[in-house]
Each structure stands twice: as C-alpha cells, then as structure tokens.
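1. The following block contains a protein sequence and its predicted model.
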Amino acid sequence: MSYRSAFRADLFAGQTHIVTGGGSGIGRCCAHELAALGANVILIGRNIERLESTQAEIIADGGKASYYSVDIRQEADVRDTVAKIVADHGQIHGLVNNAGGQFPAPLLKISKNGWDAVVSSNLTGGFLMAREVMNQSMREKGGSIVNIIADMWRGMPSMGHSGAARAGMLSFTETAAVEWASYGVRVNAVAPGFIASSGMDSYGDEFANHVIPQMRGTIPSSRMGDEDEISSVITFLLSPAASYTTGACICVDGGSSLNTKLFGLKEHDRMPEQKAFHRAVKPMAVQRMMKK
Ligand SMILES: CCCCCCCCC/C=C/C(=O)SCCNC(=O)CCNC(=O)[C@H](O)C(C)(C)COP(=O)(O)OP(=O)(O)OC[C@H]1O[C@@H](n2cnc3c(N)ncnc32)[C@H](O)[C@@H]1OP(=O)(O)O
Ligand SMILES: NC(=O)C1=CN([C@@H]2O[C@H](COP(=O)(O)OP(=O)(O)OC[C@H]3O[C@@H](n4cnc5c(N)ncnc54)[C@H](OP(=O)(O)O)[C@@H]3O)[C@@H](O)[C@H]2O)C=CC1
C-alpha cells in the first residue's frame, strides 16, 4: 500500500466508508488514506471516468474500492444509490460528505439558478446523503459522518453562495450531532482553508495568477494546505480516537480563519458617493474616531 498514513494500518479493517467527490482532489486523497487503513471505500461523484480511475488506483495499491455515479442533489437517485450500496456492501460505517464546489462571483452577479446550483451542491446534497445513510444503515448500527465545509467565518467574499451553504452545513452538523447521538452516530465538520487541490485548479488562469497569490499572503502559515492535511483530520474524526467528539468543527487552514480579511477596502474607497452617505449619517463622535 503506497499511501503512508499517520494512522494504524488496520484502523478501518472490515469497515465500509463512503466518500462523496471521491474521484478527485481532497476526496480522492481521503479515499486513498481510508483504503490504506483497511476500509472498503465507496466513491461517489458524477463523472464516471474520474471515479473509475480512483478506484483503479486504490485497487492497484492493494485496497478495496467501488464507485456509484450519482448527482447528490437528486433526492430519489441518492436514496436508490444508498440502497444499492447497502445491498452490495452491508453496513455503512462512515460517510465523508465532501462533494461540492462553487464558482467565483460577487453576490450581485449571481443568478437564482447559480445560487441554487451551489446551495444544492454544498448543503442540500450533503443533507440528502446523510439522511439516507442514517435511515438505511447508521440508525440501526451507528457510524460517523464528516461534513466538509469551508473558511466562511467572516463571510466568503466572491463566493457568497458557497459561504451561505457551508454555514448552513455547519448548523446541520450541529443539529444532526444532537439528534443522532442517541443512535451512536457522531457528526462533525472539517473547514479547509486554501488547499492546493485539483479542484482549486479549475477556476482558470485569472484565479491562479491573481487570486491565489493574494490569498497566500493572508495565510499565517504562509502556504496553501495539501489534500493529505485535510484527509488526516477527516480520518481522525471517523476513527475511534474521536469517539467522544460530535458536533465539532475543525478548521484546517494554516490559521487563515484567524487572520485579517482577504479583501481590503480599496473598492469602497473608490466610491466617494457611498462614503459621503456613510459620513452623513454617522454621529460626529464616530466620525472623529474614524479619522484617527
Ligand atoms: C474570488 C475570490 C475567492 C476567494 C476565496 C477562495 C476560497 C476557495 C475555497 C474553496 C475552494 C474549493 O472549493 S476548490 C474546488 C471545488 N470544486 C469546484 O468548485 C468545481 C467547480 N464547481 C462546480 O462544478 C459546481 O459544482 C457548480 C459551479 C455549482 C456547477 O454546477 P452545475 O454544473 O449544476 O452548474 P450549471 O448547470 O453549469 O450552472 C447552473 C447555474 O450556475 C451558473 N454558473 C455556473 N458557473 C458560473 C460562473 N463561473 N459564473 C457565473 N455563473 C455561473 C450558470 O450560469 C447557471 O445559471 P443560469 O445561467 O442563470 O441558468
Ligand atoms: N480546495 C480547497 O481549497 C477547498 C475545498 N473545499 C471543498 O472541499 C470539497 C472538495 O474539494 P476539492 O477536492 O478541492 O475539489 P474538487 O472539485 O476536486 O472536488 C469536488 C468533488 O465533488 C464532486 N461533486 C461536485 N458536485 C457534485 C454533485 N452534485 N454530485 C456528486 N458529486 C459532486 C466532484 O465530482 P464530479 O464532478 O464527478 O461530480 C468532485 O469530485 C468541496 O466541497 C470543496 O468545495 C472547501 C474549502 C477549500
């Protein structure tokens, strides 16, 4: 097995874990790590080629993997796919709700369809997967769910649809942790910062050449994270080492969520009319404080 995990090699032996978005990026990396630790890994995504290729890599490494192609936004398809997985593999021990994505755009440029596409990918889809896995396996037999969210703690400028969905996913995580604790099911979240994943490459040259260098300057650790640095925290949360941890969110972001915001006030400073409006409605004392 070529994946060198920090965890014990038989940690998940005899267990089945689902990784949504397992055909690429963080999900693919996590699927490799879980398989290296003995899990039977179920990959979920839409693009069959990528799923097939990750499955082949894992099998070539001596691990166990299968894939099921499904759009996690389609309720009936999710229900039927989970039923097939349970029929084929039996108990589901872990679910990594990792599938998702968004496009960079300021709020004012996001159409209703664009908003819905992102919210359904990053919030509704994760809910559907968790509900079906719970109803069809974990409710009877227990398990662990890990939801991947994002660094949305101070909003998510230029990805506001995603920020709203991820904040919702955090709330879902907390509610599910409480409601499902008595079934022996733990539900936690991981909030990655800026991770050098294949997904991050999908935003084009402008993003790669301008946004990423600007983002990098805001990270206290002075670098982007790697996929395996997210995978190891997911693995911890799935494992018995986290047996008393539920409803938690671990930020894996090199400190970026503690640092100043990504974007300064340059745009605002270029808008004298709006500035004049704010000044006019503020009490004199506040204006004086602002001038200092
Ligand atoms: C910057 C600083 C950040 C700074 C902050 C940076 C932090 C980064 C942190 C996160 C990093 C990552 O997640 S890394 C990578 C994760 N992976 C990705 O994001 C992969 C790319 N994303 C996807 O494929 C997404 O799933 C998604 C965008 C929702 C595509 O879903 P669909 O295929 O269902 O969407 P479509 O059917 O094509 O389109 C549905 C609607 O969305 C609109 N739409 C789709 N792409 C659009 C686009 N680029 N611009 C405008 N609108 C778009 C379409 O026009 C449609 O609306 P109408 O025209 O009105 O009908
Ligand atoms: N990289 C980063 O810096 C950060 C990433 N994240 C989040 O982490 C997760 C993994 O991202 P990353 O690996 O970087 O990016 P990728 O784009 O490589 O991974 C996203 C995966 O989700 C799958 N997916 C997307 N939509 C659906 C859908 N509707 N149904 C089923 N599968 C779907 C995609 O597969 P397919 O297209 O085949 O369906 C793909 O494999 C995402 O949720 C991402 O937004 C969060 C914060 C930061």
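-> Here it is on my side, so go on. Ligands and ions are numbered 1, 2, ... in the order given.
2. In which helix or strand does residue 43 reside?
-> Following DSSP states H and E, one finds residue 43 within strand 40-45.
3. check whether the very next helix or strand once past that strand contacts ligand 1.
-> Sequence-wise, the next helix or strand downstream of strand 40-45 (DSSP H and E) is helix 48-60. No - residues of helix 48-60 are not located near ligand 1 by C-beta under 6 Å from any ligand atom, the shortest gap being 12.0 Å. All C-beta spots, glycine's among them, are computed from the backbone N, C-alpha and C.
4. if we can go back for a sec, tilt between the strand holding residue 43 and helix 48-60?
-> 160 degrees (axes from the mean of the first three to the mean of the last three C-alpha atoms, to 10 degrees).
5. what pairs with strand 40-45, and is each one parallel or antiparallel?
-> With DSSP bridges as the test, strand 40-45 is paired with strand 16-20 (parallel), strand 64-69 (parallel).
6. tell me the mean pLDDT over the longest one?
-> Taken as a whole, strand 64-69 carries a mean pLDDT of 98.
7. Please apply the same query to stretch 194-206.
-> Confidence for stretch 194-206, expressed as mean pLDDT, is 89.
8. what does stretch 30-47 give?
-> Mean pLDDT, stretch 30-47: 98.
9. Quick one: neighbours of residue 98, just the number.
-> For residue 98, the neighbour count with other C-beta atoms under 10 Å is 30.
10. so it touches residue 149, yeah?
-> No - assessed by C-beta atoms under 8 Å, residue 98 is found out of contact with residue 149, at 10.2 Å.
11. quick one, strands of the protein?
-> Ranges of strands in the chain, per DSSP state E, are 16-20, 40-45, 64-69, 94-97, 143-148, 185-192, 249-252.
12. Find the centremost residue of the protein, please.
-> Nearest residue to the geometric centre of the chain (C-alpha atoms, centre = their mean): residue 148, 2.4 Å.
13. ok, so what distance separates the closest residue to that residue other than its chain neighbours from ligand 1?
-> In space, and not counting its chain neighbours, residue 148 is closest to residue 98: 4.5 Å by C-beta to C-beta, 6 or more residues apart in numbering. Distance of residue 98 to ligand 1, given as C-beta to the nearest ligand atom, to the nearest Å: 10 Å.
14. repeat for residue 131
-> Going from residue 131 to ligand 1 by C-beta to the nearest ligand atom gives 20 Å.
15. Retrieve the pLDDT associated with that residue.
-> Residue 131 is assigned a pLDDT of 99 by the prediction.
16. That one and residue 205, how far apart?
-> According to C-beta to C-beta, to the nearest Å, residue 131 and residue 205 sit 39 Å apart.
17. where along the chain do the helices fall?
-> 25-36, 48-60, 75-89, 112-119, 125-133, 139-141, 160-180, 205-206, 212-216, 227-238, 266-269, 272-281, 284-291 (DSSP state H).
18. can you redo the ones you listed as CSV with distance to residue 19?
-> Output for these, formatted as CSV (distance: least, C-beta to C-beta, whole Å):
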stretch, distance to residue 19
helix 25-36, 5
helix 48-60, 9
helix 75-89, 12
helix 112-119, 21
helix 125-133, 11
helix 139-141, 19
helix 160-180, 16
helix 205-206, 30
helix 212-216, 25
helix 227-238, 9
helix 266-269, 39
helix 272-281, 46
helix 284-291, 49
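19. deepest of those helices, which one?
-> Highest mean neighbour count among the helices of the chain (mean count of other C-beta atoms under 10 Å): helix 25-36, with a mean of 28.
20. Just the CA trace of that one, in PDB.
-> Output of helix 25-36 as PDB, limited to C-alpha atoms (Å, rounded to 0.1, in the frame of the first residue of the first chain):
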ATOM      1  CA  GLY A  25      -8.900  16.300  -5.100                       C
ATOM      2  CA  ILE A  26      -9.400  16.000  -1.400                       C
ATOM      3  CA  GLY A  27     -12.000  13.200  -1.700                       C
ATOM      4  CA  ARG A  28      -9.600  11.100  -3.900                       C
ATOM      5  CA  CYS A  29      -6.800  11.600  -1.400                       C
ATOM      6  CA  CYS A  30      -9.100  10.700   1.600                       C
ATOM      7  CA  ALA A  31     -10.300   7.600  -0.300                       C
ATOM      8  CA  HIS A  32      -6.700   6.500  -0.700                       C
ATOM      9  CA  GLU A  33      -6.000   7.100   3.000                       C
ATOM     10  CA  LEU A  34      -9.100   5.200   4.200                       C
ATOM     11  CA  ALA A  35      -8.300   2.300   1.900                       C
ATOM     12  CA  ALA A  36      -4.700   2.200   3.100                       C
END
